[in-house]
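3D model of this:
(one chain, ligands or ions: 2)
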Amino acid sequence: MGEAPILVHQDQQNGASNGSELKDGNFQTTTTIGDKTYVIGGADNETLSSDVRVFDKCLGEWVNPTVLGTKPLLCEGHSAVFLKDRIVVLKKNLKPDDHTWFLEVDTQYVRQQKKKLGTEVVAWSKGVIGNVEKPVVISGPSGVGKGTLISVLMKEFPSMFGFSVSHTTRAARGKEKDGVHYHFTEKSIMEREIQDGKFLEFAAVHGNLYGTSVEAVEMVSDAGKRCILDIDVQGARSVRASYLEAIFIFICPPSMEELEKRLRKRGTETEEQVLKRLRNAQAEIEQGKSSGVFDFILYNDKLDVCYDSLKKLLGHDGYVTPPPNPAAREFNLPTDYSVTELNDKIIIYCNSSELDNMIMLDVSSLKGGAPGRTRGLDFIQMEQLHIQ
Ligand SMILES: Nc1ncnc2c1ncn2[C@@H]1O[C@H](COP(=O)(O)OP(=O)(O)OP(=O)(O)O)[C@@H](O)[C@H]1O
Ligand SMILES: Nc1nc2c(ncn2[C@@H]2O[C@H](COP(=O)(O)O)[C@@H](O)[C@H]2O)c(=O)[nH]1
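Ligands and ions are numbered 1, 2, ... in the order given. As a prediction, the model looks like this:
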């Protein structure tokens, strides 16, 4: 069908291997992995778009892959380096927190999606310097007090914790605000976004659809805060199976009678809904205690006692360490550079005289990945290496 792409496997200027470089006047890179050549960006728009085309040598034709994950914004040119299951894309971008992106081509997530969708799949994720503390998943039957515990925690530690705002198809209750308590959504819209891979997890709960978008979690982590998810047991199981490394806590009521009392006293559900939630609670408690999904079970009898246990679990029962400085997670790249890969390190050669040195990007401890963020990047100025 199509013509094979012009391959630019090497950075011709410095003779480096495994560096797919920007070609003059052609704002795209090509990276060949086995029988496939991945073309990122395009000649027709003079910027890096999230456009990706694949030339399959076996089929002898171009394939338009399904592109999942967080897509990069446009920029004027980029370099690409292949690591074992993904391509690192360094945007020619002066924004210190937006230059490193990953296009996953053969990670576990991509392989799962290829199987599910039956198409060629690639997935973007944004690279982030350093790590954040593991998100915390809190589950338990309706009315047990999850929301109460979470709001006390967020009030006491506003700079440490952030809430993952879920999507739901249920109607808003009296004081609930769209975008704060939930993203209140139409079922058809949410179903389409689920198909598009925008959700980390979703489940039908008490007759409505609920889900955690990838962005909901990443926005909290990007702000340097520890993300708290309030989701049901099915959702917790899905997160456990996802790329996200989290701590899983199940909150149990002291008794079914007390649970019913709390639900009724809250007064937010109709009688029919209360009965449905109570019926579901029994199964949720059984699964919570026995599924192997949860790392910890807390009983919410006396609120202050349960809250103290939660704080202890999260390591906030004593001195509170300040949150990481967001500036420490940013790094400037020079305007003109070329790249190559060397044993889990990417060497960035500064071509202009603005910085007369090299920068090493350490990618040996990557965490997370598509469809969210790839964390654990470490940029080291080579001058520092000489001193050490
Ligand atoms: N330890 C406790 N003792 C007595 N009442 C409590 C306790 N914890 C929470 N409550 C009350 O129980 C009711 C239900 O709590 P909450 O709304 O936090 O539950 P939830 O688990 O978040 O429910 P849902 O899953 O439906 O959102 C609220 O009125 C709250 O004030
Ligand atoms: N799987 C998910 N479950 C969620 C999510 N957000 C909330 N929930 C759970 O739904 C029930 C009911 O909540 P309510 O606000 O209607 O009372 C409760 O158990 C929540 O934990 C989600 O994104 N995914």
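
what about the longest helix in the protein?
helix 271-290 (DSSP state H).

residues of the protein that sit close to ligand 2?
Residues of the chain lying near ligand 2 by C-beta under 6 Å from any ligand atom: 142, 146, 166, 170, 201, 203, 205-206, 210-212, 230-232, 234-235. Every residue, glycine included, has its C-beta placed from N, CA and C.

out of the residues you listed, which are inside strands?
166, 201, 203, 205, 210-212, 230 (DSSP state E).

next, Val305: phi, psi?
Val305 adopts backbone torsions of phi -70, psi -50, taken as degrees, to the nearest 10.

for it, give me the pLDDT.
Val305 carries a pLDDT value of 98.

ok, it to Phe248 distance?
Note on Val305: its distance to Phe248, by C-beta to C-beta, to the nearest Å, is 21 Å.

who's more crowded, these two?
Phe248 (24 against 12; other C-beta atoms under 10 Å).

and the more buried one, bridged to which residues?
Going by DSSP bridges, Phe248 is paired in beta bridges with Val137.

show me what contacts it?
Phe248 makes contact with 137, 139, 236, 239-240, 293-296, according to C-beta atoms under 8 Å, 6 or more residues apart in numbering.

if you set the cut-off to 7 Å instead, what comes out?
137, 236, 240, 293-295 (C-beta atoms under 7 Å, 6 or more residues apart in numbering).

again, but for Val217
135, 164, 200, 227, 244, 372.

quick one: buried ones out of the contacts of Phe248?
The neighbour count (16 or more other C-beta atoms under 10 Å) marks 137, 236, 240, 293-294 as buried among those.

show me where this structure has helices.
108-117, 146-156, 187-195, 214-222, 233-240, 256-266, 271-290, 303-313, 382-387.

how close does the residue in the chain that ligand 2 sits nearest to get to Glu258?
In the chain, no residue comes nearer to ligand 2 than Gly235, which is 2.4 Å away by C-beta to the nearest ligand atom. According to C-beta to C-beta, Gly235 stands 24 Å off from Glu258.

of these two, who's got more company?
Neighbour count, other C-beta under 10 Å: between Gly235 and Glu258, Gly235 has more, with 23 against 15.

low-confidence regions, the stretch 251-388 of the chain specifically.
Low-confidence segments of the stretch 251-388 of the chain, defined by pLDDT under 70: 317-328, 352-356, 383-388.

repeat that for 50
By pLDDT under 50, the low-scoring segments of the stretch 251-388 of the chain are 320, 384-388.
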